[in-house]
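Colleague: Quick one: sequence plus predicted model below, questions after.
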Amino acid sequence: MINREDVPLRSNHNDILLAKIYHYEEPISPINQYKARAIRVRGRWLGTIFMPSKFTKYQERFKKNAKTQLPPKLIPYDGDIRAEADFFFGTRRKKDLPNGGKLELDALNKLVYIDDSQIKEFYTRSFYDKASPGIVIRIYKII
């Protein structure tokens with residue numbers, strides 16, 4: 001098992017740490033996160049896009065867990081931020097790392113920051129940890 005405190009940060013900025021979230025569940029790689037569905041209404045075909053329940057349930061669990069780790073009266077930050085995500089996968093199967101963190105960062109909207117469009121830098125890394133899969137996300141104010 002990897003000691004998550006010993007994993008060095010990717011950058012040597014003097015930015016201020018806003019939040020550090022630990023989530024001990026196998027991270028979901030959001031390949032094809034959104035699905036399209038066509039329905040017929042009054043003789044016309046209408047298209048709709050939705051997120052499958054597998055992703056929404058994971059996002060809800062992550063958000064609930066994040067709320068327990070944040071200060072109760074944290075006001076969402078409104079400036080530029082840097083996000084760092086370390087993924088600890090329980091299997092060695094190939095994961096889609098460029099999309100990694102999207103579900104988790106969306107879940108932190110209005111909790112740590114107002115909107116994930118404030119993220120100006122995003123760093124990800126992946127590790128294999130069969131004993132304890134999960135994700136660690138660090139959010140920094142960019143100074």
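Modeller: Nice, I can see it.
Colleague: number of nearby residues for residue 126?
Modeller: 17 (other C-beta atoms under 10 Å). In this view, the C-beta of every residue, glycine as well, is placed from N, C-alpha and C.
Colleague: from the chain's centre, how far out does the helix or strand hosting it sit?
Modeller: In this structure, residue 126 is located in strand 119-128 according to DSSP states H and E. Chain-centre distance of strand 119-128: 10 Å, with C-alpha atoms, centre = their mean, to the nearest Å.
Colleague: Name the residues that touch it?
Modeller: Outside of strand 119-128, the residues that reach it under the criterion C-beta atoms under 8 Å, 6 or more residues apart in numbering are 2, 7, 10-11, 80-92, 95, 97-98, 100-101, 105, 113, 142.
Colleague: same check, this time on stretch 133-142
Modeller: The list of residues contacting stretch 133-142 from outside it, by C-beta under 8 Å, 6+ apart, reads 4, 7, 9, 13, 15-27, 77, 79-90, 101, 104-105, 108, 112-113, 120-121.
Colleague: ok so, going back, tell me which strands the strand holding residue 126 pairs with, and in which orientation.
Modeller: strand 81-89 (parallel) (DSSP bridges).
Colleague: helices or strands up against the next helix or strand after the strand it pairs with?
Modeller: Counting by DSSP H and E, the element after strand 81-89 in chain order, helix or strand, is helix 102-107. The helices and strands touching helix 102-107, judged by 3 or more C-beta pairs under 8 Å, 6 or more residues apart in numbering; DSSP states H and E, are helix 53-69, strand 81-89, strand 134-141.
Colleague: rerun at 6 Å
Modeller: Secondary-structure packing of helix 102-107 (3 or more C-beta pairs under 6 Å, 6 or more residues apart in numbering; DSSP states H and E): helix 53-69.
Colleague: Can you report how many residues lie near residue 14?
Modeller: The burial metric for residue 14, expressed as a neighbour count using other C-beta under 10 Å, is 7.
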